[in-house]
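Undergrad: Here is my input; please provide its structure:
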Amino acid sequence: MDKKDRALMRLHSMEDWLEMKSFNPKNLMKEMDRYKDDWKPYNVRKPNNRWGLSITSLDGELSGIPDLDSLYEYNKNNDTNITNQDIKTYTDVYEDSPELQKIIEPWKPWLGRCHYLRLDSGGFFPEHYDINKLDYSYEDARLIAFVNKCSKDTLKFIYGDEVLNVKEGSLYYFNASKRHSVFSMTDNCIMIVFCLNFDEKLYETIIENYRLK
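TA: Model prediction:
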């Protein structure tokens with residue numbers, strides 16, 4: 001067992017949700033407002049009031065292709081092999097947001113696909129796993145930041161059988177290999193999703209940033 005395997009084993013022996021350092025969600029919303037017309041449908045093949053705004057993309061642009069699509073379906077249809085770690089060019093959304101830059105700074109060496117995710121009323125993700133359990137080369141880790149209208153009465157983030165109670169301005173590592181689903185009760189529910197390439201140094205950074213209660 002190498003260092004990376006031992007680090008992953010230790011991480012998974014901890015809690016499934018580890019809260020990181022907090023951020024200012026009001027600043028994020030102000031800095032994001034200039035891109036209010038740049039949101040794109042999230043996974044356009046399965047529309048259900050989900051929208052994305054790319055923080056990183058394949059080419060640094062905001063088309064959402066393929067970074068807001070299902071990479072599995074995009075690769076299958078286009079005979080490509082794009083992964084989350086290929087989607088790492090920062091867009092203007094990142095460049096124009098000092099608050100966002102502060103959030104991302106500790107995670108930059110590992111960051112691949114990263115985007116704002118907006119769920120309007122009725123938008124949802126059915127129960128799923130984010131980590132490919134059958135592909136042992138799949139080494140992504142997930143962070144999620146809760147930015148706007150993410151309290152329990154407006155967002156139902158169901159992890160296993162529990163509805164989470166989170167607050168805006170919070171950032172978490174979460175074990176995305178366990179089943180979860182998400183349902184929005186209102187418009188403009190906004191999160192940030194981070195895909196990180198896992199290694200032992202990322203594990204150390206998670207521990208450094210973990211806010212022990």
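Undergrad: Low-confidence regions, this protein specifically.
TA: Per-residue confidence of the chain (counting by pLDDT under 70) places the weak regions at 132-138, 212-213.
Undergrad: all strands in it, in order from the N-terminus.
TA: Counting by DSSP state E, one finds strands in the chain at the ranges 17-19, 40-41, 50-54, 56-57, 89-90, 111-119, 124-128, 140-148, 155-159, 162-163, 170-174, 180-184, 189-197.
Undergrad: Counting by contacts, list what the last one packs against.
TA: In this case it means strand 189-197. Under the contact criterion of 3 or more C-beta pairs under 8 Å, 6 or more residues apart in numbering; DSSP states H and E, the helices and strands touching strand 189-197 comprise strand 111-119, strand 140-148. In short, each C-beta sits where N, CA and C put it, glycine included.
Undergrad: likewise the first one?
TA: Using 3+ C-beta pairs under 8 Å, 6+ apart as the contact criterion, the elements in contact with strand 17-19 are strand 170-174.
Undergrad: wouldn't residue 197 be in contact with residue 87 here?
TA: No - taking C-beta atoms under 8 Å as the contact criterion, residue 197 and residue 87 are not neighbours in contact, 11.5 Å apart.
Undergrad: Looking at the two, which one has more neighbours?
TA: Neighbours were counted for residue 197 and for residue 87 using other C-beta atoms under 10 Å; residue 87 has more, 23 against 16.
Undergrad: and the nearest residue to the more buried one once chain neighbours are set aside, how many residues sit next to it?
TA: In space, not counting the residues next to it along the chain, residue 87 is nearest to residue 113; the distance is 4.0 Å by C-beta to C-beta, 6 or more residues apart in numbering. Counted with other C-beta under 10 Å, residues neighbouring residue 113 total 25.
Undergrad: With that, I have no additional questions.
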